[in-house]
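Novice: dropping a prediction and its sequence here:
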Amino acid sequence: MKHTRDRGGFPRRPIFRRPIARPPEALEWSRDLSGRCARATAIGSNRLLVENHTGILELTDARVRLATGRGPITVTGRGLTLCEARCGTVIIKGQLRKVELPCDGGDDTP
């Protein structure tokens, strides 16, 4: 589609626009940085930082479940404790065996 506009005394020239089929990967990062998506960061094999969760669903020494907007995050292991808990952020300490993250329904969905 061809558009023209006045450029404040400069000659008018056509502007060509083409649709973008898929946003570049850099724009996908901005979705994660918006603060709405939960983020889990492993610190070695004995600590896990989880940000942007909405609540604690289950807390035992073998399993921790945290609620997020896309589904629960499940952490299994041995001797699990909450090392630090703040609003929306928690650090889980213990022997981590498995971390299950919710599927967001993207291209990796089977």
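Specialist: That came in fine, so what should we check first? Numbering: from 1, shown residues only.

Novice: the strands in the chain, which residues?
Specialist: Assigned by DSSP state E, the strands in the chain fall at 2-3, 15-16, 39-43, 47-51, 55-59, 63-67, 73-86, 89-100.

Novice: helices or strands up against the fifth one?
Specialist: Other elements packing on strand 55-59 under the criterion 3 or more Cβ pairs under 8 Å, 6 or more residues apart in numbering; DSSP states H and E are strand 63-67. Just so you know, the C-beta spots here come from the backbone N, C-alpha and C atoms, and that holds for glycine as well.

Novice: and Lys93, how far from Thr81?
Specialist: Going from Lys93 to Thr81 by Cβ to Cβ, to the nearest Å gives 5 Å.

Novice: what of Gly94?
Specialist: Distance from Gly94 to Thr81, by Cβ to Cβ: 6 Å.

Novice: pretty sure Arg78 contacts Lys98?
Specialist: No - using Cβ atoms under 8 Å, Arg78 is not in contact with Lys98, being 11.3 Å away.
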